[in-house]
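> Sharing a sequence plus its predicted fold:
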Amino acid sequence: MFEGLSKRLGDVFDKLRGRGALSEADVDAALREVRTALLEADVALPVVRQFIDGVRPKAIGADVIRSVTPGQMVVKIVNDHLVEMLGGTVADLDLNAIPPVVILMVGLQGSGKTTSSAKIGYRLSQGPQGMAAEFGGSFATKRKVMMASLDTRRPAAQQQLKILGEQTSVPTLPIVPLEMPLAITRRALETARREGFDVLILDTAGRLSIDEELMKEVADISALAKPQETLLVADAMTGQDAVNVAKAFNDRLAVTGIVLTRVDGDARGGAALSMRAVTGRPVKLIGVGEKFDALEPFHPDRIAGRILGMGDIVSLVERAAETIEKEDAEKLAAKVRKGQFDMDDLLSQLRQLRKMGGLSGLMGMLPGAMQAKAAMSKAKVDEGQLKRQEAVILAMTPKERRNPDIIHASRKKRIAKGSGVQVQEVNKLLKQHADMLKMMKRVNKLGEKGFMRSLGGMMPPPGFPR
């Protein structure tokens with residue numbers, strides 16, 4: 001999401017790092033470019049002004065001017081202010097109340113309220129089992145959750161939540177035709193109390209734009225339900241409009257937090273940077289994909305690190321921990337130490353890489369992400385190559401996967417035909433597998449203990465630029 005902003009800021013700071021000393025004029029010129037980059041990223045003008053006014057006095061201070069690495073000092077100051085602007089610390093859901101704890105989901109139509117309701121319900125009902133370490137706090141306990149749709153205007157909205165509930169195994173309030181939102185709210189509260197639910201998620205109706213009728217409806221529902229959490233769902237793709245929507249809802253409701261959806265898209269990122277500053281309410285959760293587990297806590301420090309090209313190694317490790325089975329990683333490490341890395345193992349690693357977001361997803365979390373992506377582009381590394389390589393391996397027989405050395409001309413033609421690729425692609429994959437196996441044997445021979453264990457389930461993908 002922050003790719004454009006990250007590139008612009010990276011260019012600015014590269015100029016600063018390249019200088020041995022900085023004058024006040026150098027800092028002012030850099031901050032003018034930072035200001036332009038933030039505005040182009042749809043960050044609200046008052047927020048940009050406040051940000052620059054906060055950074056400038058520290059950036060031209062004596063500690064920076066006399067520093068051995070003044071450019072790095074300026075980057076640190078900008079990073080600290082970015083973290084502060086984004087909220088400073090992770091804001092957890094507050095579910096410390098007498099059950100059923102009510103979560104009220106509000107926002108405009110199409111912002112992703114219903115899907116976000118299902119994601120939150122899924123996460124809360126799953127508890128800590130099989131989840132990344134980052135999901136602590138309110139997500140650390142398995143809870144009994146029920147969802148109810150109050151959207152009587154949008155066709156099939158209630159049916160949509162019902163289907164999502166079935167897919168996530170989260171119960172939903174039975175639909176009663178022609179029942180009005182307030183009546184549904186009363187019935188949901190009574191059912192949740194009677195059946196002992198810990199959390200009740202109320203998915204309200206939206207509109208294409210803010211109007212008085214919408215605001216009165218959600219205000220009446222809020223007064224009746226007395227929610228512990230009122231989460232405003234905003235689409236990051238709507239840019240500056242998302243900030244205006246957040247302000248309008250916050251002025252009328254006791255909004256406690258923001259859920260930002262479609263963060264994995266190509267939005268400019270200004271909404272995320274502005275919302276906390278404009279509303280005073282924290283971004284609590286972000287939607288990073290379509291799957292039900294594609295929901296993450298919002299970490300201001302990690303987001304700031306990604307924007308400034310410092311990477312997000314912590315999230316990368318947590319994503320690996322969530323998707324990699326420890327037992328499988330240990331088995332693979334044992335095989336590798338014996339020099340036994342076959343095509344089935346390579347297939348497992350390719351699938352693991354795709355589960356973790358593919359090459360571009362991982363690149364975005366590494367320090368120097370923009371440079372890494374540029375290198376990928378220059379080397380013409382194709383994300384679709386992973387799928388084609390998976391198809392090639394699946395076209396092999398079990399015997400061929402266990403012993404690739406037996407794959408000669410006629411077998412290569414059959415595999416190429418079966419996977420819909422050219423024979424050259426089969427040859428390329430076989431060579432990359434052979435190179436990886438050779439490298440592993442060499443490492444074992446050198447005796448670098450724990451080297452393969454540290455790689456675990458994250459082997460360098462075939463085609464990655466070396």
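Sure thing, it's come through. Numbering: from 1, shown residues only.
> what's downstream of the helix or strand containing residue 389, the next helix or strand?
Assignment of secondary structure by DSSP states H and E places residue 389 within helix 384-394. Beyond helix 384-394 on the C-terminal side, the first helix or strand identified by DSSP H and E is helix 398-402.
> got the residue ranges for the helices in the stretch 251-400 of the chain?
Along the stretch 251-400 of the chain, the segments classed as helices by DSSP state H, counting those that start in this stretch run 270-279, 300-307, 313-323, 326-337, 343-355, 358-363, 369-378, 384-394, 398-402.
> swap that for the stretch 1-150 of the chain, sorry
Assignment of helices within the stretch 1-150 of the chain using DSSP H, counting those that start in this stretch yields the ranges 3-17, 24-40, 45-59, 62-65, 70-85, 113-126.
> so what secondary structure elements neighbour the second one?
The one in question is helix 24-40. Packed against helix 24-40 by the contact rule (3 or more CB pairs under 8 Å, 6 or more residues apart in numbering; DSSP states H and E) you find helix 3-17, helix 45-59, helix 70-85. Placement of C-beta: from N, CA and C, glycine included.
> Mind doing that once more with 7 Å?
Counting contacts by 3 or more CB pairs under 7 Å, 6 or more residues apart in numbering; DSSP states H and E, helix 24-40 is packed against helix 3-17, helix 45-59.
> Residue 260 versus the spatially most central residue of the chain, what's the distance?
Centrality entry for the chain: nearest residue to the mean C-alpha point is residue 288, 3.8 Å, by CA atoms, centre = their mean. Residue 288 sits 10 Å away from residue 260, taking CB to CB, to the nearest Å as the criterion.
> Could you tell me which residues touch both of the two?
Taking CB atoms under 7 Å, 6 or more residues apart in numbering as the contact rule, residue 288 and residue 260 have no neighbour in common.
> hang on, residue 174 is in a helix, isn't it?
No: under the criterion used here (DSSP: H, G, I helix; E, B strand; the rest coil), residue 174 is coil, not part of a helix.
> Would you enumerate the residues in contact with it?
By CB under 7 Å, 6+ apart, the contact set of residue 174 is empty.
> for residue 188, same thing?
Residues touching residue 188, when contacts are defined by CB under 7 Å, 6+ apart, comprise 148, 173, 200, 202.
> Pretty sure the second one sits against residue 148.
The one in question is residue 173. Yes: counting by CB atoms under 7 Å, residue 148 is a contact partner of residue 173 at 3.8 Å.
> Settle it for me: which of the two has more neighbours?
Comparing residue 173 with residue 148 by other CB atoms under 10 Å, the one with more neighbours is residue 148, at 28 against 23.
> For the more buried one, give the beta-bridge partners.
Under the criterion DSSP bridges, residue 148 forms beta bridges with residue 202.
> Surely it touches residue 202?
Yes: Residue 148 is in contact with residue 202 according to CB under 7 Å; the separation is 5.6 Å.
> Show me where the stretch 51-200 of the chain dips below the pLDDT cut-off.
61-72, 128-137 (pLDDT under 70).
> how about 80 then?
Counting by pLDDT under 80, the ranges of the stretch 51-200 of the chain that qualify are 59-79, 87-88, 127-140, 155.
> Pick the most buried one from the helices of the stretch 1-150 of the chain.
helix 113-126 (a mean of 24; mean count of other CB atoms under 10 Å).
> And the contacts of that one?
The set of residues external to helix 113-126 that reach it, using CB under 7 Å, 6+ apart, is 103, 105, 107, 135, 139, 142-143, 145, 147, 157, 160-161, 164-165, 168, 170, 199, 201, 203, 206, 233, 259, 261, 287, 292, 295.
> Repeat that for stretch 147-157.
If you take CB under 7 Å, 6+ apart as the criterion, stretch 147-157 is touched by 109, 114, 117, 121, 158, 161, 165, 170, 172-173, 180-181, 184-185, 188, 200-205, 221.
> from those, which would you call buried?
Buried members of the contacts of stretch 147-157, scored by 16 or more other CB atoms under 10 Å, are 114, 117, 121, 158, 161, 165, 170, 172-173, 181, 184-185, 188, 200-205, 221.
> Just say helix, strand or coil for the residue of the chain most remote from its centre.
Using CA atoms, centre = their mean, the residue of the chain lying farthest from its centre is residue 410. It sits 44.5 Å away. State at residue 410, reduced to three classes by three-state DSSP: helix.
> which residues touch it?
Contacts of residue 410 were listed using CB under 7 Å, 6+ apart, and none were found.
> Distance-wise, check it relative to residue 399.
Distance from residue 410 to residue 399, counting by CB to CB: 14 Å.
> Now do the longest helix along the chain, average pLDDT.
For the chain, the helix that runs over the most residues, judged by DSSP state H, is helix 423-446. Predicted confidence along helix 423-446 averages 78 (mean pLDDT).
> elements contacting that helix?
Here helix 423-446 is seen to pack against helix 384-394, helix 409-419, helix 451-455 when contacts are counted using 3+ CB pairs under 7 Å, 6+ apart.
> one more time with 10 Å
Packed against helix 423-446, as judged by 3 or more CB pairs under 10 Å, 6 or more residues apart in numbering; DSSP states H and E, are the following elements: helix 326-337, helix 343-355, helix 384-394, helix 409-419, helix 451-455.
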